[in-house]
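[1] please work out how this folds:
(chains A and B)
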Amino acid sequence: MTAALRVAHPRPYAPDAEITIRGLRKTFAGSPVYEGFDLDVPKGAVVSVFGPNGCGKSTLINMVSGLMPHDGGQILFSGKTIAQTRLAYVFQNYREALFPWLRAIENIRYPLRLMGLPKHEQDRRIERLLATMEVRFDLSRYPYELSGGQQQTVSIMRALVVEPEVLFLDEPFSALDYEMTLAMRDRLQRVFMETGVTMMLVSHDLEEAIYMADRILLLTRRPTRIAAYLDFSAPRPRSAETLTDPAFVALKREALEIFQREVRA
Amino acid sequence: MTARLARLGSALTPLAGVVVLLALWQLLHLSGAVDALLLPAPEAMMRALWNGFVTGPMAFDFLQTVWRTTLAFGIAAVIGIPTGIVLGASPQLYRSVEFVVDFFRSTPASAMFPLFLVLFGVGDEAKIYVASFGALLVILFNVAYGVMNARKTRILAARSMGASPARIMRDVIFWESLPQTFIGLRNGVSLALVIIIVAEMFIGSSDGLGHRLIEAQMLFRMPTMYAAIFAAGALGYGLNWLFALLERRVVHWGGR
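    Predicted coordinates:
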């Protein structure tokens, strides 16, 4: 099987890849969205996914995270299957993703209960997470009593508490106002610096996609291919200055040119 | 001081309608436009209500009606909620029975009286079962819709955290369906009360508010009839209020 795969997809397996995607195939209503799609996501990197509307950004991370079935191809996590890998997912719509009948802290605890961990171990993990996140609001409140940013923070904590190997985020800040978005980007960056968890982040905001990422995956229109897979290696923690840094500005211009070419294509 | 008066005023505002209604009633009674036999003074109704409850049989009638309604509603809820969840969990299964549910939901429950009389005789069973039947379909329908309309994102979120289908059912879909379930329960209890009262009127009864009502009408005891109407209204209102209260407690996230 490996041999056959190699013939069809000569791209070799990268040894430092957390996620290896080979020959991914997905069809919606008879029209192909992904056809022989290959991608490597390096271990411990933040990869932003950016592309034209409807190109299947969310579809990609939904398939990789197992929320949506794919029609063909292979997705491996450090050589393991999805069932052997601990993944977590943060939804765009936190209002519909949190459980309003549970207090914020019980929302965070929920995946640990699913894992069947004993109570003291649950508490220990939550304590450790709280120390990283510097939460300054009352977690014994219900989600609807919290602001949007606080709710999305709870969502992110619920995802992180299982100590995932990969964290998927689907436009996590697009429902927040700009001020909150900036704060949340920095909070997420801090999480990344402390945990080093591999992240795949879908964004509809190019500035955010670059600011957050080590690699920026630019996609084409359907059928979706990789338009470019750019590197951004500015040191962390990044801040408002990063946004005006010449390297950032140059990369953003390059990405924008590629994007516009793909939109017109 | 003025603030306290204002607060008192706003607390009393809902009573304004009641006062106006009583005043109109009293005026109509005094004007003689309507035969005083048909429309006694409000005070006569209240005296009949008081006497009926304190020395007369109306307290017993009231409790009988409450008991039958509770039984009918209880049976309907115990069968309707689990069945609704099972049906709602499988849209295909629900579609296969949807027509039957909709048909009987649209059938006036009173049209089922003769059938239930034949099946269960003239005792309490027929009354309670026919009311259960009506309430059951309302509850089942609402629960099933609540389950079918559970937010897909929440189900996905639970699945992404590794929840099994059974856990998703218990931890997500059950809760998601609760707001709609409460709509079903509230409508169900109202309908059960309506059917019980009508059944008490017409299916050989010797007690219950419905029986008291029809008896007072036949004996031309108008104050008693008005008192029984009032008692039935208060019961319906009380049940609704109770369920609204329960709903706010249980579904605390509703509408937010």
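[2] got a list of contacts for the helix or strand containing residue B:168?
    Using DSSP states H and E, residue B:168 sits in helix B:165-168. Residues outside helix B:165-168 that contact it (CB atoms under 8 Å, 6 or more residues apart in numbering or on different chains): A:114, B:155, B:158, B:159. In short, each C-beta sits where N, CA and C put it, glycine included.
[3] pull out the buried positions in it.
    For helix B:165-168, a neighbour-count test (16 or more other CB atoms under 10 Å in any protein chain shown) marks B:167, B:168 as buried.
[4] same question, stretch A:69-80
    A:70, A:73, A:75, A:76, A:77, A:78.
[5] how about the residues you listed in a markdown table, adding distance to chain B and secondary structure?
    Converted to a markdown table, those look like this (distance: CB to the nearest CB, whole Å; DSSP: H, G, I helix; E, B strand; the rest coil):
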| residue | distance to chain B | secondary structure |
| --- | --- | --- |
| A:70 | 16 | coil |
| A:73 | 21 | strand |
| A:75 | 15 | strand |
| A:76 | 19 | strand |
| A:77 | 15 | strand |
| A:78 | 19 | coil |
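[6] mind checking how far the closest residue to chain B within chain A is from residue A:182?
    Nearest residue of chain A to chain B: residue A:100, at 3.5 Å (CB to the nearest CB). Taking CB to CB, to the nearest Å as the measure, residue A:100 falls 27 Å from residue A:182.
[7] which one of the two has more residues nearby?
    Per other CB atoms under 10 Å in any protein chain shown, whichever of residue A:100 and residue A:182 has more neighbours is residue A:100, with 22 against 16.
[8] excluding sequence neighbours, find me the nearest residue to that one.
    residue B:253 (3.5 Å; CB to CB, 6 or more residues apart in numbering or on different chains).
[9] how many other residues sit next to that neighbour?
    Neighbours around residue B:253, by other CB under 10 Å: 18.
[10] backbone phi and psi for it, please?
    phi -90, psi 0 (degrees, to the nearest 10).
[11] surely it meets residue A:101?
    Yes: contact criterion CB atoms under 8 Å: residue B:253 and residue A:101 qualify, at 5.9 Å.
[12] residues contacting the residue of the stretch 151-256 of chain B found nearest chain A?
    The minimum distance from the stretch 151-256 of chain B to chain A, using CB to the nearest CB, falls at residue B:253 (3.5 Å). Residues near residue B:253 by CB under 8 Å, 6+ apart: A:100, A:101, A:142, A:143, A:144.
[13] cool, residue B:49 as well?
    B:58, B:227, B:230, B:231.
[14] turn the residues you listed into a markdown table, columns for secondary structure, neighbour count and distance to residue B:99.
    Formatted as a markdown table, the contacts of residue B:49 follow (DSSP: H, G, I helix; E, B strand; the rest coil; neighbours: other CB atoms under 10 Å in any protein chain shown; distance: CB to CB, whole Å):
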| residue | secondary structure | neighbour count | distance to residue B:99 |
| --- | --- | --- | --- |
| B:58 | helix | 23 | 43 |
| B:227 | helix | 28 | 44 |
| B:230 | helix | 15 | 41 |
| B:231 | helix | 21 | 39 |
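[15] farthest pair within the residues you listed?
    B:58 and B:230 (10.3 Å; CB to CB).
[16] okay, now residue A:231: neighbour count?
    Residues near residue A:231, counting by other CB under 10 Å: 10.
[17] skipping adjacent residues, who's closest to it in space?
    residue A:215 (6.1 Å).
[18] what number of residues are in the vicinity of the one you found?
    19.
[19] same thing with residue B:30?
    10.
[20] closest to residue B:94 out of the contacts of residue B:253?
    Distances from residue B:94 to the contacts of residue B:253, taken by CB to CB, are shortest for residue A:101, at 23.9 Å.
[21] in a strand, the closest one, correct?
    No: with DSSP: H, G, I helix; E, B strand; the rest coil as the criterion, residue A:101 is assigned coil and is not in a strand.
[22] hmm, it is touching residue B:174, no?
    No: when contacts are counted by CB under 8 Å, residue A:101 is not listed as touching residue B:174 (9.6 Å).
[23] list the contacts for residue B:40?
    B:29, B:222, B:223, B:226.
[24] is it in a helix, a strand, or coil?
    coil.
[25] any residues of the stretch 151-256 of chain B in contact with chain A? List them.
    By CB under 8 Å from any CB of the partner chain, the residues of the stretch 151-256 of chain B that approach chain A are B:151, B:153-154, B:156-157, B:159-163, B:167, B:171-172, B:175, B:178, B:252-253, B:256.
[26] can you say which of those are buried?
    Here, 16+ other CB under 10 Å leaves B:151, B:153-154, B:156-157, B:159-161, B:163, B:167, B:171-172, B:175, B:178, B:253 buried among those.
[27] so which of those sits lowest on pLDDT?
    Ranked by pLDDT, these bottom out at residue B:151, which has 88.
[28] check contacts around residue B:172.
    Contacts of residue B:172 by CB under 8 Å, 6+ apart are A:99, B:150, B:154, B:155, B:158, B:163.
[29] measure it to residue A:119 for me?
    22 Å.
[30] show me where the stretch 101-250 of chain A has its helices.
    Along the stretch 101-250 of chain A, counting by DSSP state H, counting those that start in this stretch, helices occupy A:104-115, A:119-133, A:148-160, A:178-195, A:206-212, A:246-264.
[31] return the most buried member of these.
    helix A:148-160 (a mean of 24; mean count of other CB atoms under 10 Å in any protein chain shown).
[32] what is the orientation angle of that helix with helix A:104-115?
    20 degrees (axes from the mean of the first three to the mean of the last three CA atoms, to 10 degrees).
[33] I'd like to know which elements helix A:148-160 is packed against.
    Contacts defined by 3 or more CB pairs under 8 Å, 6 or more residues apart in numbering or on different chains; DSSP states H and E place helix A:148-160 against strand A:87-90, helix A:94-97, helix A:104-115, helix A:119-133, strand A:166-170, helix A:178-195.
[34] hmm, who's touching the last one?
    Helix A:178-195 has contacts (CB under 8 Å, 6+ apart) with A:46, A:132-134, A:147-149, A:152-153, A:156, A:160, A:163, A:169, A:172-173, A:176, A:197, A:199, A:208, A:211-212, A:236-239.
[35] of the contacts of residue B:40, just say which sits nearest to residue B:101.
    residue B:226 (38.3 Å).
[36] quick one: what helix or strand has the closest one in it?
    Short version, using DSSP H and E: residue B:226 is in helix B:222-250.
[37] quick check: end-to-end length of stretch A:58-69?
    13 Å (CA to CA, to the nearest Å).
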